[in-house]
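Q: Mind looking at a prediction? Sequence and model below.
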Protein chains: 2
Amino acid sequence: MPNAERFALHRPELLPALQRGERKIISLMSSDRRSIPAGRTLVEGDADHPFVYRLVQGWTGRVRTLPDGPNQYILVFLPGGLFAVKSMFVNRHPDAIVTLSDTVVEQIDHRKLRDICDQDPDVSMRCAWQIVEEERRLHGWIVSLGRGSAEERLAMLIAQLHGRLVVSGTIARDAREFFLPMTQSQLGDYLGLSAVHINRVLKAIRDNGIATFRNQRMVVHDLDALGRVADPLRDFYERTNPAFGGDASNSREA
Amino acid sequence: MPNAERFALHRPELLPALQRGERKIISLMSSDRRSIPAGRTLVEGDADHPFVYRLVQGWTGRVRTLPDGPNQYILVFLPGGLFAVKSMFVNRHPDAIVTLSDTVVEQIDHRKLRDICDQDPDVSMRCAWQIVEEERRLHGWIVSLGRGSAEERLAMLIAQLHGRLVVSGTIARDAREFFLPMTQSQLGDYLGLSAVHINRVLKAIRDNGIATFRNQRMVVHDLDALGRVADPLRDFYERTNPAFGGDASNSREA
DNA sequence: CGCGAGTTTGAGGTCGCTCAACAATGGTGG
DNA sequence: CCACCATTGTTGAGCGACCTCAAACTCGCG
């Protein structure tokens, strides 16, 4: 059953609609596909942005730049997800959306998608799900930033990215390494820390034998230890995460 | 035009649908109304929660408690808003929803509301708007927690609450004080700071002549200065906020 | 080979923390 | 109406996590 796992955390009765919506959106958007190299700005901050996107390959991120220079990443999008779904409701954001790696995206005009949503509850459900899913992750992120130590945040980030890549089918469930196309400085901007401190925490988890990050490759040596470090920031939704002992069967109703 | 301002930050062509949706939801939910005193837990964390709520009076907040004790508030809901709209999509959250003051809420079963959403695009739009609006505020909150100093965060919080109370019609646009039913400890849990530090920052802004907080009343003495302190965390959506020089006419399309 | 972006490490500073004591406040019952 | 208690607020002292600044090192790439 394709994509069952992706939607498994939500009300199970919605699954069929979500899967139909997913298929419809894919066929809807696949006509307008383009490749974008790493490091480009896909959507300017504070500018009109009439499109909703689907990320076919690569990573993108939503990032805000403060007036005096510092950046803060707000969300990172992984292959298979929709992003800027909110374009249907707001015509601009204060945030930019940038490519973290070389990417392939598909796009659709917000009006066209909204018209389809009005007529097709499957598509509408799939879009709503994407927004709800993002908000869910933002909640966890708030808790991490507000109450997590640097080490806990970094461990949680690694565990979460790993889990999301498994769910999206980008890597196998038993894979222990993955492509992570961010610099230490960008990781700092994501975790609300300085690049220097990221470097030190990265060294600590390397010395602990937990994980090694080098050359855009994250290698997890001790998944259980990773989960233990991240545990204070763990939430209900992470129950399917390999770092917390989750397996695929775990993703069904509680 | 009732509630025009509330929805003014979004695509203007959606306004009529939002206003119709607002009216429909109000008449839909008003049959099931109840009063709840301050300090109660409306929705338990990690528990089934089959309802969507409308907050008629008072304040509520979404808060998560970490395994080792500390709390983090994620969102604060003000009169007139919907909350737990995500109940339509997920059957449980890791967060509790608590009453910060005495409140009056209305509720509706998630299935009933979802059925109505499927048939009525106005209601569906109003619900989607609520989720999008929340997500928008979460983005700003992430930036605050990740990159703002304690003083900036607190100033931003005051400015934002003030602005939201104006928009919701709870206070007049030129009002300079408002009811803020949170303890210093709760403010700390919202801003990711300790209660002790909140107290010190509160003292600093009092000594600066910016604002005084006492006995659940926030009095803003110098709105411009408040805006200046919060400025690094300001975003596009705050342009209608009185602390940033916003007025009602400012809320139209840019 | 040399350049530039990214990483690593050290030294020293500061913001916000914890712990602890005390003061004010407000609600309760005698 | 007052005495009491629990909660909240206030302040000090000392500490630690994370920051900034700065310098060297590594690496991929033209």
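A: Looks like it arrived, so ask away.
Q: Give the closest residue to the residue in the stretch 151-254 of chain A positioned nearest to DNA strand D in space, chain neighbours not counted.
A: Across the stretch 151-254 of chain A, no residue is closer to DNA strand D than residue A:197, which sits at 2.9 Å (C-beta to the nearest atom of the strand). C-beta coordinates here come from the backbone N, C-alpha and C atoms, glycine included. In space, not counting the residues next to it along the chain, residue A:197 is nearest to residue A:150; the distance is 5.9 Å by C-beta to C-beta, 6 or more residues apart in numbering or on different chains.
Q: Now for the residue in the stretch 1-150 of chain A positioned nearest to DNA strand D: which residues touch it?
A: Distances from the stretch 1-150 of chain A to DNA strand D, computed as C-beta to the nearest atom of the strand, single out residue A:150 as the nearest residue at 3.6 Å. For residue A:150, the contact set (C-beta atoms under 8 Å, 6 or more residues apart in numbering or on different chains) comprises A:191, A:193, A:197-198, A:201.
Q: Could you dump those into JSON lines and include neighbour count?
A: Putting the contacts of residue A:150 into JSON lines (neighbours: other C-beta atoms under 10 Å in any protein chain shown) gives the following:
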{"residue": "A:191", "neighbour count": "24"}
{"residue": "A:193", "neighbour count": "20"}
{"residue": "A:197", "neighbour count": "14"}
{"residue": "A:198", "neighbour count": "24"}
{"residue": "A:201", "neighbour count": "21"}
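Q: So residue A:130 sits against residue A:86, correct?
A: No: in this structure, residue A:130 sits apart from residue A:86 without contact. The criterion is C-beta atoms under 8 Å, and the distance is 9.5 Å.
Q: Give the residue from these two that has the larger number of neighbours.
A: Relative neighbour count places residue A:86 above the other of residue A:130 and residue A:86, with 24 against 21, counting by other C-beta atoms under 10 Å in any protein chain shown.
Q: That one falls within a strand, correct?
A: No: according to DSSP: H, G, I helix; E, B strand; the rest coil, residue A:86 belongs to no strand; its state is helix.
Q: okay, it: pLDDT?
A: Predicted confidence (pLDDT) at residue A:86: the value is 91.
Q: Then residue A:207?
A: Turning to residue A:207, the model gives it a pLDDT of 94.
Q: burial of it, as a residue count?
A: 8.
Q: any idea where the helices of chain A begin and end?
A: Counting by DSSP state H, chain A has helices at residues A:15-29, A:110-119, A:121-147, A:150-167, A:184-191, A:195-207, A:223-230.
Q: Please see if the longest one touches chain B.
A: Yes: with C-beta under 8 Å from any C-beta of the partner chain as the measure, helix A:121-147 is seen reaching chain B through A:121, A:124, A:128-129, A:131-132, A:134-136, A:138-143, A:145-147.
Q: Which strands or helices does that helix pack on?
A: helix A:15-29, strand A:71-77, strand A:82-83, helix A:110-119, helix A:150-167, strand B:60-65, strand B:71-77, helix B:121-147 (3 or more C-beta pairs under 8 Å, 6 or more residues apart in numbering or on different chains; DSSP states H and E).
Q: ok, back up a step: mind giving me CSV with the helices of chain A and columns for distance to residue B:229?
A: Formatted as CSV, the entries for the helices of chain A read as follows, by distance: least, C-beta to C-beta, whole Å:
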stretch, distance to residue B:229
helix A:15-29, 44
helix A:110-119, 36
helix A:121-147, 20
helix A:150-167, 26
helix A:184-191, 23
helix A:195-207, 26
helix A:223-230, 34
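Q: Nearest to residue B:101 among the ones you listed would be which one?
A: helix A:121-147 (22.0 Å; C-beta to C-beta).
Q: Tell me how far the closest one lies from the chain's centre.
A: On the basis of C-alpha atoms, centre = their mean, to the nearest Å, helix A:121-147 is displaced by 10 Å from the centre of the chain it belongs to.
Q: got the helices and strands packed on helix A:121-147 as TSV, with mean pLDDT columns?
A: Supplementary listing: the helices and strands packed on helix A:121-147 in TSV, determined by pLDDT from 0 to 100:
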stretch	mean pLDDT
helix A:15-29	93
strand A:71-77	97
strand A:82-83	95
helix A:110-119	91
helix A:150-167	96
strand B:60-65	96
strand B:71-77	97
helix B:121-147	94
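Q: Close to DNA strand C: what parts of chain A are there?
A: Listed as neighbours of DNA strand C in chain A under the rule C-beta under 7 Å from any atom of the strand: A:183-185, A:195-196, A:199-200, A:202-203, A:214.
Q: Can you turn the buried part of these into a ChimeraX selection?
A: Under the burial definition 16 or more other C-beta atoms under 10 Å in any protein chain shown, those of the residues of chain A next to DNA strand C that qualify are selected in ChimeraX by:
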select /A:184,199,202
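Q: bridging residues for the residue lying closest to residue A:40 once chain neighbours are set aside?
A: Computed as C-beta to C-beta, 6+ apart, the closest residue to residue A:40 that is not its neighbour in sequence is residue A:99, at 5.0 Å. Beta-bridge partners recorded for residue A:99 (DSSP bridges): residue A:60.
Q: Distance check, residue A:99 against residue A:38.
A: Relative to residue A:38, residue A:99 is positioned 5 Å away (criterion: C-beta to C-beta, to the nearest Å).
Q: Quick check: neighbours shared by the two?
A: Between them, residue A:99 and residue A:38 have residue A:58 as joint contacts when contacts are counted by C-beta under 8 Å, 6+ apart.
Q: between those two, which one's more packed in?
A: Applying other C-beta under 10 Å to residue A:99 and residue A:38 shows that residue A:99 carries more neighbours, namely 22 against 14.
Q: need the contact list for that one.
A: The neighbourhood of residue A:99, defined by C-beta under 8 Å, 6+ apart, consists of A:36-40, A:42, A:58-60.
Q: Pull up the residues of the stretch 151-254 of chain A that are close to chain B.
A: Counting by C-beta under 8 Å from any C-beta, the stretch 151-254 of chain A sits next to chain B at A:189, A:191-192, A:231-233, A:235-237, A:254.
Q: just these that are near DNA strand D?
A: The overlap between those and the neighbours of DNA strand D (C-beta under 7 Å from any atom of the strand) comes to residue A:192.
Q: Can you select the buried ones from the residues of the stretch 151-254 of chain A next to chain B in PyMOL?
A: With 16+ other C-beta under 10 Å as the burial test, the buried ones among those are selected in PyMOL as follows:
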select buried, chain A and resi 189+191+192+231+232+233+235+236+237
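Q: which one among the residues of the stretch 151-254 of chain A next to chain B gets closest to residue B:246?
A: Nearest to residue B:246 out of those is residue A:192 (C-beta to C-beta; 27.5 Å).
Q: Once you drop chain neighbours, what's closest to that closest one?
A: Spatial nearest neighbour of residue A:192, chain neighbours left out: residue B:146 (3.1 Å); criterion: C-beta to C-beta, 6+ apart.
Q: Now do the contacts for that neighbour.
A: Going by C-beta under 8 Å, 6+ apart, residue B:146 touches A:72, A:145, A:189, A:191-192.
Q: returning to what we had before: for residue B:171, which of the helices of chain A is the nearest?
A: Distance to residue B:171, taken as C-beta to C-beta, is lowest for helix A:121-147 among the helices of chain A, at 26.3 Å.
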